[in-house]
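Asks: following is a predicted model, sequence given first.
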Amino acid sequence: MPRALLSVSDKTGLIDFARGLAALGWDLVSTGGTAKALRDAGLAPRDVSEVTGFPEMMHGRVKTLHPAVHGALLARRDVPDHMQALAEHKITPIDLVAVNLYPFRETVARKGVTPEDAIEHIDIGGPSMLRSAAKNFESVWVIVDPDDYARVLASLQANDSDEDLKRLLAGKVYAHTASYDSAIAAWFAKERGDKFPETIVVSFERAQKLRYGENPGQGAAFYRERPGAGLSGLVQKGGKELSFNNLLDLEGALLAIDPYRGETACAIVKHTSPCGLAVGNTALESYRKALACDPVSAFGSVIAFNVPLDDATADVVSSLFVECIVAPEFSAGAIEILGRKKNLRMLEGNAPLGNDINLDYKRVRGGVLVQERADVDISDEGWTTVSKRQATAEEYRDLIFAWRAVASVKSNAIVLARDGATIGIGAGQMSRVDAAFLAVHKANLANHITDGAVLGSDAYFPFRDGVDQAAEAGVRAIVQPGGSVRDAEVIAAADEHGMAMIFTGKRQFRH
């Protein structure tokens, strides 16, 4: 009689799977809560203590760590010495293991969890059984994912020892245990307050395969930190499959509206940088203001709202060719209106940041750069007016808006703003004066009046030429980090032009 050991925290699909095994004549062995669930369903599993001849001890810390379990899993059926050893020690082979682990990530994510409770949720026996079974996958079926129950049962019912499936399941085990261990390692590092430990183990699971990467011919897939994290938490309401570039632009669009919590904001993004960003009293007003910044570049864009999308806004947005729209919620009417565009992707949700240790990773040749994630709570704390003229109350409000806006623009970055909206954006330039020129040029192309606007710069002005250029366009106030060796020269230029200038003391590069 073949024997299966079942010990799972996630009991999804367990009963049906166990009934299927029992119907095929399998002997079931189980532990603790899993054994109880099976018995409650009318099945009759053996307790693991009956197999080991040793009771569970230390509040369940030791129950499966025994030769009667691991010998039964590791013995190769094609090696006579192994089978002789089992016979000598009266060990019955275990032919299938279904195990998933104590929910460590979920435990440490709870508010108020103590270190002692976290440590008790570090599974030892489960990973050990999985790894033993996976090492001997040619002889032992090993299942860590409940989604695999059905195909394993189908293979057993067909009396098909599917070697490809067994190899796949074994690989999933090692990926799963590696991910589990990485979560534990990250928790220990966090407990020590060590943001950059000697070794970083990062684990992601595939959320979906993509048609291709940035260009056709490049294979691609989207991996998530965990189910529901970040972009994977968005629910697609319509349109065709998301592409690699769609996902990049969605991240850029959400990054752009992140600082405007408590306000109604809209960001229109192309190639991960905003081409329009605004706040307003309604979603429709914020969209119209954002679109006015650069309506030409908005063609084929990704649009993000931080408030629900209503029918009226959807009707107006539908006149523009858009790749994706993301919002916390869509009205039924908005889904119907936008759904007429078969290729438009609608994504609903808030896309929480995820990553408990708050780190960002950038791939470079031979390694990874790791940094703390930039703060999305951008305020005027620590600002200093360095010019003779103070900003007016209206200018100051727009300076705060511009400073938040420039954080999501690729460096070198300059933003012109008025009345809670961008009117010109200079992004990704090799010099700051070019970025300032481009921002003014974009504003002129869209027939915006730059006289009286404010300017945000993501880093300091290395020379006064950028300030002179802004003054020529009529800019009346500038917010920038400061910190240049020529700060005095730059401040003098602002004073000559009667401009207000504020130093934030913080830089906002986005490479």
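Replies: Received, thanks.

Asks: all contacts plus neighbour counts: C-alpha atoms, from now on.
Replies: OK.

Asks: give me the low-pLDDT residue ranges for the stretch 351-500 of the chain?
Replies: 354-357 (pLDDT under 70).

Asks: low-confidence regions, this structure specifically.
Replies: Across the chain, the ranges flagged by pLDDT under 70 are 53-55, 57-65, 354-357.

Asks: okay, now the domains of it?
Replies: With domains defined by automatic domain parsing, the chain comprises 3-192, 237-348, 384-503.

Asks: arrange these in CSV, one row each, with mean neighbour count and distance to residue 370 as further columns.
Replies: Formatted as CSV, these follow (neighbours: other C-alpha atoms under 10 Å; distance: least, C-alpha to C-alpha, whole Å):
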stretch, mean neighbour count, distance to residue 370
domain 3-192, 17, 14
domain 237-348, 21, 18
domain 384-503, 22, 19
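
Asks: wait, which of those is closest to residue 214?
Replies: The minimum distance between residue 214 and these falls on domain 237-348, with 5.9 Å, by C-alpha to C-alpha.

Asks: give me the distance between the two termini of that closest one.
Replies: 7 Å (C-alpha to C-alpha, to the nearest Å).

Asks: also stretch 237-252?
Replies: Stretch 237-252 end-to-end distance (C-alpha to C-alpha) = 20 Å.

Asks: again with stretch 136-147
Replies: Start-to-end, stretch 136-147 (C-alpha to C-alpha) is 21 Å.

Asks: now the element after the helix ranked longest in the chain, going C-ward?
Replies: If you go by DSSP state H, the chain has its longest helix at helix 163-192. Going down the chain from helix 163-192, the next helix or strand is strand 205-210, by DSSP states H and E.

Asks: and that next one, what other elements does it pack with?
Replies: Secondary-structure packing of strand 205-210 (3 or more C-alpha pairs under 8 Å, 6 or more residues apart in numbering; DSSP states H and E): strand 220-224.

Asks: in the strand it packs on, what's buried?
Replies: 220, 222-224 (16 or more other C-alpha atoms under 10 Å).

Asks: all the strands of the stretch 351-500 of the chain, in order from the start?
Replies: 359-364, 367-372, 384-385, 414-418, 421-426, 454-457, 477-480, 500-503 (DSSP state E, counting those that start in this stretch).

Asks: okay, those in TSV with distance to residue 192 next?
Replies: Below are the strands of the stretch 351-500 of the chain laid out as TSV (distance: least, C-alpha to C-alpha, whole Å):
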stretch	distance to residue 192
strand 359-364	16
strand 367-372	16
strand 384-385	36
strand 414-418	39
strand 421-426	42
strand 454-457	37
strand 477-480	36
strand 500-503	35
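
Asks: quick one: end-to-end length of stretch 352-372, please.
Replies: 16 Å.

Asks: show me what it is in contact with.
Replies: 186, 190, 195, 225, 229-231, 233, 373 (C-alpha atoms under 8 Å, 6 or more residues apart in numbering).

Asks: just the buried ones from those residues?
Replies: 186, 195, 225, 230-231, 233.

Asks: just curious, which of these is nearest to residue 259?
Replies: Comparing these against residue 259 with C-alpha to C-alpha places residue 230 closest, at 16.2 Å.

Asks: which of the strands of the stretch 351-500 of the chain sits closest to residue 304?
Replies: Closest approach to residue 304 among the strands of the stretch 351-500 of the chain (C-alpha to C-alpha): strand 421-426, 14.7 Å.

Asks: looking at the strands of the stretch 351-500 of the chain, which is closest to residue 329?
Replies: Closest among the strands of the stretch 351-500 of the chain, using C-alpha to C-alpha: strand 421-426, at 23.0 Å.

Asks: that closest one to strand 414-418, inter-axis angle?
Replies: Going by axes from the mean of the first three to the mean of the last three C-alpha atoms, to 10 degrees, strand 421-426 is angled at 160 degrees with respect to strand 414-418.

Asks: residue closest to the middle of the chain?
Replies: Computing the C-alpha centroid of the chain and ranking residues by C-alpha atoms, centre = their mean puts residue 230 first, at 3.6 Å.
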